[in-house]
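[1] Predicted structure and sequence below. I'll ask about it afterward.
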Amino acid sequence: MPSIYEKALGSDFANLHPQIRKRFGFASGDKIASVGYGMMEKIYFAKLAALPLYIGTSRNIMFPQGGRNIPFTIENYAYVDRFGRETVTWIRKFKFPRAIRRFDATMIYSEQRQGIVDYLGDRQHLAVDIDMKVGANGGIRIRSGEQRFYEHALGFRFPMMFSGIANVCEWYDDALQKYKIEVEVTNRLIGTVFAYNGTFAAECVPFDRSRIPLDALPLREERRE
């Protein structure tokens, strides 16, 4: 079974750097996970966005804290959710001196939308369309699009004026033999809302569905895409 990212990129998937293909190329049937450890050189947030970012910490979506040389971990587990969808976790943890901050997400390939949908947070209440391309450096480039808010019976398209557009690039540095990541979330009124960049090493490890850590799974799964 192809991974959700291979499905989204089609034949372009072959143009990714081999190490990026390795990280983005597994599915639930492969019974492996990718676990990474590294350092974020810089994490930035806009003070004007501190309140919404603070609210986001309650659901593991970004946070109003910045710094330099922040230890970082990332966990990617592929599994089939209760709606039968191939799913990949993105569990990012940032170890600040007095707190560990999280930025959680789960991604699926949506047949309905013919692309990746990224559920942000630990309750899948914010669904984001993802445009994914291969970068000139063999990395993977991600840009967020339309966002939809779901909470119980409530569902609506989230106004972009009050949200942000994420641009992400992950690539492999052959000289360092490590992965590099750059993330920037911008808002048309504020500018850069949240950003980080750094380096990490990652390895594929064997696992099965029963061994996914409980804190890596969403508290609620949303059917609506």
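    Everything's here; your move.

[2] can we go C-alpha only for contacts and neighbour counts from here?
    Fine.

[3] Phi and psi next, for residue 118.
    Note on residue 118: its backbone torsions stand at phi -110, psi 110 [degrees, to the nearest 10].

[4] show me the contacts for it.
    105-108, 127-130 (Cα atoms under 8 Å, 6 or more residues apart in numbering).

[5] now swap in residue 51 and tell me
    Contacts for residue 51 (Cα under 8 Å, 6+ apart) come out as residue 64.

[6] what's the distance between it and residue 160?
    According to Cα to Cα, to the nearest Å, residue 51 stands 17 Å off from residue 160.

[7] One more: residue 117?
    In terms of Cα to Cα, residue 117 sits 17 Å off from residue 160.

[8] Can you flag which of the contacts of residue 118 belong to strands?
    Within the contacts of residue 118, residues falling in strands by DSSP state E are 105-108, 127-130.

[9] Where do the strands of the protein begin and end?
    32-45, 67-80, 86-96, 99-110, 115-120, 126-134, 140-151, 154-157, 165-173, 178-187, 191-206.

[10] how about CSV for these, with distance to residue 218 added?
    CSV is the format used below for the strands of the chain (distance: least, Cα to Cα, whole Å):
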stretch, distance to residue 218
strand 32-45, 17
strand 67-80, 12
strand 86-96, 9
strand 99-110, 8
strand 115-120, 10
strand 126-134, 12
strand 140-151, 14
strand 154-157, 19
strand 165-173, 21
strand 178-187, 22
strand 191-206, 21
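
[11] Test my guess that residue 132 contacts residue 8.
    Yes: counting by Cα atoms under 8 Å, residue 132 touches residue 8, with 7.4 Å between them.

[12] Just list what the helix or strand bottoming out on mean pLDDT in the chain packs against, helices and strands only.
    Ranked by mean pLDDT, DSSP states H and E, the weakest helix or strand in the chain is strand 154-157, scoring a mean of 88. Using 3 or more Cα pairs under 8 Å, 6 or more residues apart in numbering; DSSP states H and E as the contact test, the elements touching strand 154-157 are strand 140-151.

[13] All set, thanks.
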